[in-house]
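Participant: have a look at this prediction, sequence included:
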Amino acid sequence: MIEQLSGFSLFNKTKSPLVNHSQLTSAKILVIDDRPLSRMTVVDLLQLEGYDVLESDGNDQVFESVIETQPDLVLLDLMLSEVDGLALCQQIKQDIRTQNIPIVLMTVADRREYQRKVREVGADEFLSKPIDRLELSTRVKTLITQKQLNEGLNQTEQVLFTIAKVVESRSSQRGSSCARVVSLVEAFGEYLNLPAESINNLVFAAHLHDIGTIAIPDAVMMKKGELTTDERELIRQHVLIGESICQPLRNRRGVLPIIRHHHERWDGTGYPDGLSGEQIPYLAQIFQIIDIYDALTSDRPHKKAYSPKEALEIVAEETEKGWRNPELVAEFTKFIGILEPE
Ligand SMILES: [Fe+2]
């Protein structure tokens, strides 16, 4: 059984200014679960978010339904009575017609029990039941945004994004926060009423800004102790190397200044050009604040994550030292207050 449940527009709903709805309005999600009550719970949550929701009870025709409906994301319960959920996931990921559809597996079983298998069958995410609404909403939005972004890339962009992904996974320091930075730049960009083109440039920068670190040896990138002057200078080169790697982005020239200038400081003590104040491209200023905030609020091998409040205090201290644009930091502080109220 597969059924179209809703196709209503998000504009019928109370609209949060912090969510980039425009990219998601057309997103179609297929929920596969043979237990009607459990299926309806997920369907209801997704409908509330404004998605077009299809549902299936996971019968033996379900794979054909995936091919036919081409959803933007599949939420798949592992314990189906008619088909093996893991095998179905693998089948979707191995078929050229469906392999780019993100899959979120759901189960009541212990997450650790399935960790390895989930990776082996190519699932993108794993959610434990009962489903947490916020977790569901965040994972779904991130995966759909990522899919839509990938679909819009040309060949050169796809190659650069692939390199950027390798760079990100190489550096355990950066963890997997790229998706979070993407969500933040989109939301803050909308909050500031930036044009769509500028928000797109920020999203590209979220993926590509540190691509230049590919040219820096592991021994320096991963070094635990204090860096020497030469090593510090080498790391600083990543912005220039990144800019030259991304030169072929002919349709995205606006990304290059963000890559080059995301380590400048308001008082002129940053790099590579020592620009100060409004000389620093505005999008680079915005991107920098988000990049720093994300680093502070993420767990890293050498430190625990700071709370949003603590992170904003650190950003405020840096602003007092003269490193950041005080007006922009004030806007960002207001924005985080709305996004993550205490
Ligand atoms: Fe950087």
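Facilitator: Perfect, I can see it now.
Participant: next, the distance between the ends of stretch 96-115.
Facilitator: 25 Å (Cα to Cα, to the nearest Å).
Participant: run through who's touching it.
Facilitator: Here stretch 96-115 makes contact (Cβ atoms under 8 Å, 6 or more residues apart in numbering) with 33, 42, 66-67, 70-79, 85, 89, 92-93, 118, 122-131, 139-140, 143-144, 146-147, 150-151. Yep, even glycine has a C-beta here, placed from its N, CA and C like the rest.
Participant: find me the pLDDT at the closest residue to residue 297 other than its chain neighbours, would you?
Facilitator: Leaving aside its sequence neighbours, residue 297 sits nearest to residue 311 (Cβ to Cβ, 6 or more residues apart in numbering; 4.9 Å). Note for residue 311: predicted pLDDT of 96.
Participant: so residue 311 sits in a strand?
Facilitator: No - Residue 311: not assigned to a strand; according to DSSP: H, G, I helix; E, B strand; the rest coil it is helix.
Participant: contacting residues for it?
Facilitator: Neighbour list for residue 311: 293, 296-297 [criterion: Cβ under 8 Å, 6+ apart].
Participant: ok, the residue lying closest to residue 207 once chain neighbours are set aside - contacts?
Facilitator: The shortest distance from residue 207 to any non-neighbouring residue, by Cβ to Cβ, 6+ apart, is to residue 164 (5.0 Å). Contacts for residue 164 (Cβ under 8 Å, 6+ apart) come out as 178, 207-208, 210-211.
Participant: let's verify residue 164: helix, strand, or coil?
Facilitator: Secondary structure for residue 164, judged by three-state DSSP, is helix.
Participant: neighbour-wise, give me the winner out of the contacts of residue 164.
Facilitator: Within these, neighbour counts (other Cβ atoms under 10 Å) peak at residue 208, which reaches 26 neighbours.
Participant: ok, that one - contacts?
Facilitator: Residue 208 is in contact with 160-161, 164, 242, 246, 255, 259, counting by Cβ under 8 Å, 6+ apart.
Participant: same question for residue 285.
Facilitator: Contacts of residue 285 (Cβ under 8 Å, 6+ apart): 266, 324-325, 328.
Participant: measure it to residue 29 for me?
Facilitator: For residue 285, the distance to residue 29 equals 36 Å [Cβ to Cβ, to the nearest Å].
Participant: again with residue 99
Facilitator: For residue 99, the distance to residue 29 (Cβ to Cβ) stands at 17 Å.
Participant: looking at those two, which has the bigger crowd around it?
Facilitator: Between residue 99 and residue 29, counted using other Cβ under 10 Å, the more crowded position is residue 29 (25 against 10).
Participant: which residues are in contact with residue 26?
Facilitator: residue 52.
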